[in-house]
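K.L.:
curious how this folds, go ahead:
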Amino acid sequence: MNMVDRIKRSVANRNADVFVRADFKPFGSPAQVSRALADLQREGALVKLGLGVYAKAKRSVLSGKPIPVKPLEVLAPEVLKKLGVEVGASRQTREYNAGGSTQVPAGIVVSVGKQRIQRKLGFNGKLVDYERT
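P.N.:
Next up is the predicted model:
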């Protein structure tokens, strides 16, 4: 069994929907893992959300292209938690949920406290914005 098949089976057996490159470290050298992840992207088993960040994929019923199994609004906080960042709801989301505003929050914004995040996360032109408090 080659490395692509081993990683594909590992991804299918995991409950998590997002993965970082470090999750696949036991499978081989960084170059081998990179080639295997690129092959899985071409097959449509994984999609890339950012540098070293991948998500499980499914085929879109509209275009037939691979898309993440869950929306980016759900996957972004999972990725950040996996990277050790405390995540919360944005100010606009908190106001809307508390009934203080009728404006529905647009875009994907997560509160990261006082941490400074430079990592870009996104898919298909839709990026996650970070709100510092």
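K.L.:
for stretch 18-30, which outside residues touch it?
P.N.:
Residues outside stretch 18-30 that contact it (Cβ atoms under 8 Å, 6 or more residues apart in numbering): 3, 6-7, 10-11, 33, 36-37, 46, 49, 52-56, 75, 78-79, 82-83. Glycine gets a C-beta too; all of them are placed from N, C-alpha and C.
K.L.:
what residues of stretch 102-110 count as buried?
P.N.:
For stretch 102-110, burial by neighbour count (16 or more other Cβ atoms under 10 Å) applies to Pro105, Ile108, Val109, Val110.
K.L.:
tell me the two of the residues you listed that are most distant?
P.N.:
Farthest pair in those (Cβ to Cβ) is Pro105 and Val110. Separation: 10.9 Å.
K.L.:
got any residues that touch both of those two?
P.N.:
Common contacts of Pro105 and Val110, defined by Cβ under 8 Å, 6+ apart, comprise Ser90.
K.L.:
among the buried residues of stretch 102-110, show me the least confident.
P.N.:
Lowest pLDDT among those: Pro105, with 83.
K.L.:
so Lys81 sits against Leu75, correct?
P.N.:
No - using Cβ atoms under 8 Å, Lys81 makes no contact with Leu75, being 10.8 Å away.
K.L.:
what ranges do the helices span in the chain?
P.N.:
Using DSSP state H, the helices assigned to the chain run over residues 3-13, 30-43, 72-82, 91-98.
K.L.:
pull out the buried residues from the shortest one.
P.N.:
Neighbour-count burial for helix 91-98, with 16+ other Cβ under 10 Å as criterion, is recorded at Gln92, Thr93, Tyr96.
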